[in-house]
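Trainee: I need the structure of the sequence given here:
(2 chains)
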Amino acid sequence: MSSEHAPSSTSTSGTPAVEVRALTKSFGAVRALDGLDLTVAPGEVHGFLGPNGSGKSTTIRVLLGLLRADAGRVRLLGGDPWSDAVTLHRRLAYVPGDVNLWPQLTGGEVIDLLTSLRGRVDRARRAELLERFDLDPGKRTRTYSKGNRQKVALVAALAGDVELLVLDEPTSGLDPLMELVFQQCVREAVARGTTVLLSSHVLAEVEKLCDRVTIIRAGRTVQSGTLHELRHLTRSNVRVTTTQPPGAIRGIEGVHDVASHAGQLTFTVDDAALSQVMTVLAAAGIGNLVVTPPTLEELFVHSYGTAAAARPDAADAAGGAR
Amino acid sequence: MTTLAPARERAVRTAGPAAWAGTAGLVRHGLRRDRVRITVWALAVGGLIAYVGAAIPAAYPDQAALQTRAAIMTDPSGAFMTGPGYGLDDYTLGVMVANEMLGMVAVAVAVMSILAVVRHTRAEEEAGRADLVRAGAVGRSAPLAAALAVLVVANAAVGLVLLGALLVVGLVPADSLALVAGAATVGLVFGALAAVTAQLSAHARTASGAAGALLGLAYVLRGLGDAAERGGSVLSWTSPIGWAQQTRAFVDLRWWPLLPGVGLCALLVAAAFALAARRDVGAGLVPTRRGRVDARRALLSPTGLTWRTERATVAWWAVGLGVFAVLTGSLAQGVVESLEAQPALADVLGGGAAGDVLSSTLAAFLAFFAMAVAVFAVVATQRLTREEDAGRTGVVLAAAVSRPAWLGASFTVTVVGCAVLLLAAGLGLGLGAAASVGDAGLTPSLTLASLAYLPLVLCFGAAAALAHGLRTGAWWVWTLLVASILVGLYGPLLGLPDAVQDAAPFALVPRVPAEALTARAVVVPTVVAVVLVAAAGVALRRRDLTA
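Mentor: Prediction:
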């Protein structure tokens, strides 16, 4: 069902930083991943979107070699994440969504530990990051809030020079100011040539940072492509005032949700019908026209709506065995 | 004048019925959480006493035999470890239980109480769950009140099972009840003390550690008091455990020594509530120290990290085993005298040759300490599973650390920890014995001999590592260890067939230093341990990480 929507992946040079094909993973009777696809090109910031329990963290744990794939092809930086874990991990850094640290160690000690276990440390950048994230490295981690524990993991990940950052909902405990710092740091890392896989359900963050996104649901990929491409899959919002009533608008195929209020007409339109709409509007005399692209939220809802509609088997399963 | 109003209002709110809202629900919740723990504690303490009640008459068939045991307790070091020594002239099972077992039972019940109270108060706050609870219609005093209610139920449950055990082995009801009441009073006092320390420190470990240290002090104070004078001296009366022992159960029963415990408990509870009402949720009254802003080089490896998180545990075990070993060693002369009077008992301790009773007795003691170190080996290795469940192992393995390297680092620390503990036990035993019999040569020989048990002890740690690798749970390791200890300790006593006794792991190592160490005793367990750890590494590489 997703194949008809899936745009051709953008052509990139070199092997993908992450390449996942038809990945499945079950925990007992529960099938957490059910044929998931994910491709992250080198140098891009890739948004990994999905509701809670859709399999984002499971996919990342497979990529880190913490879980073993049941079936499917998984390649990370050109290697096998299960058998080449140690060599691959020298080239990446990971920030979990729920950061658990050793309660008796201080934040500074944990940062040094994690960076040195990976290999490369940049003392100057460590100091700079502590400053920017406003983190006190002398406190023991058991006294940190969730946000501060997350900062420890972020500083440890960003302080080294790595090829790939694997970030699993890294900002869930950060305040808006710190989210801005985080976004800046990610952009700087990308400028240094780092590839970023960013799992999130904070859509604003994904819109600001990501070149491409993959949307998953129930362990399967629903959509994948650039934000630009994905936006074509759904309708633009139009708000227009015209000198004469553009009566023919309602008759155009691809125009939906028409409503008029105080002389202003609003509707949504498929991209394919845009030129026909413009002809009709121009004939009616445009006073004011605003066309807005769909927000990521609308995209998100749209993706899940079509996916659910296209999966009668899911409805059957929900209805119980007959 | 106006500033008084809010203060008065706050006082009213703190003291009013609203402060207790939700207590009943929290008590039900707490008991539900603890039902298995409380049952296990009750069965363990009751079972120990029932076992002693059955084993003592078998080991000491007549009054003369019992009197040799009493003779050990007249020795100051015997009194230090056990009790004030009432009724030593006519030692019966009841007198023996009151004199030797009550202190131990009281400590066990106190440990249970401390852990229970801290678990339901400070640990909940530290984990952040208390915020969730207090955000409901739950009063300021309700969590502490509920924790204390759980404390009372836990002590009552242990007390009832203990009373049942005492009655089953045929002891007098009134004196049995006094003994149970004494133990429960100690439990309540230290539970209430933990309620106070839980208010002072922001961390559960510190809170239970402080209460535990005071429990240790209480045991030492009554020990010093009892050692100074038959029937106890002033120092005995400074300790809650001393109060329980002063009821003279099974000798000349009196109830009033329990009153100070009840009073102290009430004072501590009042103090805990007063402190709880004056502080913020999650905050302690003693501030937390700042630590290093960067790591020492020694921390920056899997082994360094594991050592850092475990060194305090190793240190506490070393101090505990070392002190206990000194005390045990100092009993040497008394044991030798009583064994010379009772040759049948010498067989129990494995020493047949009359000329070398001392040496074989100390060797048997050393074997007992090796068993304790084996328990440490399993507990320490189980850290791997705890770390994984807490989600910290994933953080390490997401860095450039392989699973075998992580397992190897942990096992290295276990090896070092076990060696330290064996040396501490051997040194303590040697020092105590050397002082007791005046032979300085005992200290180096026992210290060195202790290391003979290292490979064997590590076998149990390696088995626990395999349990972690396979993620089977450690129940089979514990079964194996407990069975080995029981056969090793009580095999001779229970008259088990020689084949069974010889097959038990602790029979593999000769009774060093009384007997010569064999190559087999070193090689066989070393090979077994290496094979088990290698298998654990392979198993760990093949499975998913759970958290």
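
Trainee: nearest residue to the middle of chain B?
Mentor: Geometric centre of chain B, nearest residue: residue B:108, 7.0 Å, by C-alpha atoms, centre = their mean.

Trainee: quick check: residues of chain B near chain A?
Mentor: With the criterion set to C-beta under 8 Å from any C-beta of the partner chain, chain B comes near chain A through B:126, B:202-203, B:288, B:290-295, B:299-302, B:305, B:308-309, B:312, B:390-392, B:394-402, B:405, B:542-545. Where C-beta positions appear, they are placed from N, C-alpha and C, glycine not excepted.

Trainee: show me these that map onto strands.
Mentor: When DSSP state E is applied, the residues of chain B next to chain A are split such that none fall in strands.

Trainee: who are the packing partners of the biggest helix by length in chain B?
Mentor: For chain B, the helix with the greatest residue count under DSSP state H is helix B:23-59. Helix B:23-59 is packed against helix B:93-96, helix B:102-120, helix B:142-168, helix B:475-494, with contacts defined by 3 or more C-beta pairs under 8 Å, 6 or more residues apart in numbering or on different chains; DSSP states H and E.

Trainee: now the second one and helix B:142-168, what's the angle there?
Mentor: Read it as helix B:102-120. Helix B:102-120 and helix B:142-168 meet at an angle of 150 degrees, taking axes from the mean of the first three to the mean of the last three C-alpha atoms, to 10 degrees as the criterion.

Trainee: quick revisit: return the most buried member of the helices and strands packed on helix B:23-59.
Mentor: helix B:102-120 (a mean of 25; mean count of other C-beta atoms under 10 Å in any protein chain shown).

Trainee: export it as CSV, just CAs?
Mentor: C-alpha atoms of helix B:102-120 as CSV (Å, rounded to 0.1, in the frame of the first residue of the first chain):
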residue,chain,number,x,y,z
LEU,B,102,17.7,-14.0,69.4
GLY,B,103,20.4,-11.5,68.5
MET,B,104,20.7,-12.9,65.0
VAL,B,105,17.0,-13.0,64.5
ALA,B,106,16.6,-9.4,65.8
VAL,B,107,19.3,-8.3,63.3
ALA,B,108,17.5,-10.1,60.5
VAL,B,109,14.1,-8.5,61.4
ALA,B,110,15.8,-5.1,61.7
VAL,B,111,17.4,-5.4,58.3
MET,B,112,14.0,-6.3,56.8
SER,B,113,12.4,-3.4,58.6
ILE,B,114,15.0,-0.9,57.4
LEU,B,115,14.7,-2.0,53.8
ALA,B,116,10.9,-2.0,53.9
VAL,B,117,10.6,1.5,55.3
VAL,B,118,13.2,3.0,53.0
ARG,B,119,11.7,1.2,50.0
HIS,B,120,8.3,2.8,50.7
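
Trainee: in a markdown table: the helices and strands packed on helix B:23-59, plus mean pLDDT.
Mentor: A markdown table is the format used below for these (pLDDT from 0 to 100):
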| stretch | mean pLDDT |
| --- | --- |
| helix B:93-96 | 93 |
| helix B:102-120 | 95 |
| helix B:142-168 | 96 |
| helix B:475-494 | 84 |
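
Trainee: just to revisit the earlier point, please name the nearest non-neighbouring residue to the residue nearest to the centre of chain B.
Mentor: By the measure of C-beta to C-beta, 6 or more residues apart in numbering or on different chains, the closest residue to residue B:108 outside its immediate chain neighbours is residue B:45, 5.5 Å from it.

Trainee: ok, residue A:194 next?
Mentor: residue A:165 (5.8 Å).

Trainee: so the one you found touches residue A:193, yeah?
Mentor: No. Assessed by C-beta atoms under 8 Å, residue A:165 is found out of contact with residue A:193, at 11.5 Å.

Trainee: looking at the two, which is more packed in?
Mentor: residue A:165 (23 against 10; other C-beta atoms under 10 Å in any protein chain shown).

Trainee: any idea how far residue B:289 is from the more buried one?
Mentor: 34 Å (C-beta to C-beta, to the nearest Å).

Trainee: circling back: of the residues of chain B next to chain A, select the buried ones using a ChimeraX command.
Mentor: Here is the ChimeraX selection string for the buried members of the residues of chain B next to chain A, based on 16 or more other C-beta atoms under 10 Å in any protein chain shown:
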select /B:126,202,203,291,292,293,295,299,300,301,302,305,308,309,391,392,394,395,396,397,398,399,400,401,402,405,545
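
Trainee: which of the residues of chain B next to chain A fall in helices?
Mentor: B:126, B:302, B:305, B:308-309, B:312, B:392, B:394-397, B:405, B:542.

Trainee: pLDDT at residue B:263, what is it?
Mentor: On the pLDDT scale, residue B:263 is placed at 97.

Trainee: burial check on it, number of neighbours?
Mentor: 11.

Trainee: quick one, what contacts residue A:115?
Mentor: A:121, A:126, A:156, A:159-160 (C-beta atoms under 8 Å, 6 or more residues apart in numbering or on different chains).

Trainee: remind me which residues of chain B are low pLDDT?
Mentor: Along chain B, the model assigns pLDDT under 70 to residues B:1-15, B:288, B:342-355, B:492-495.
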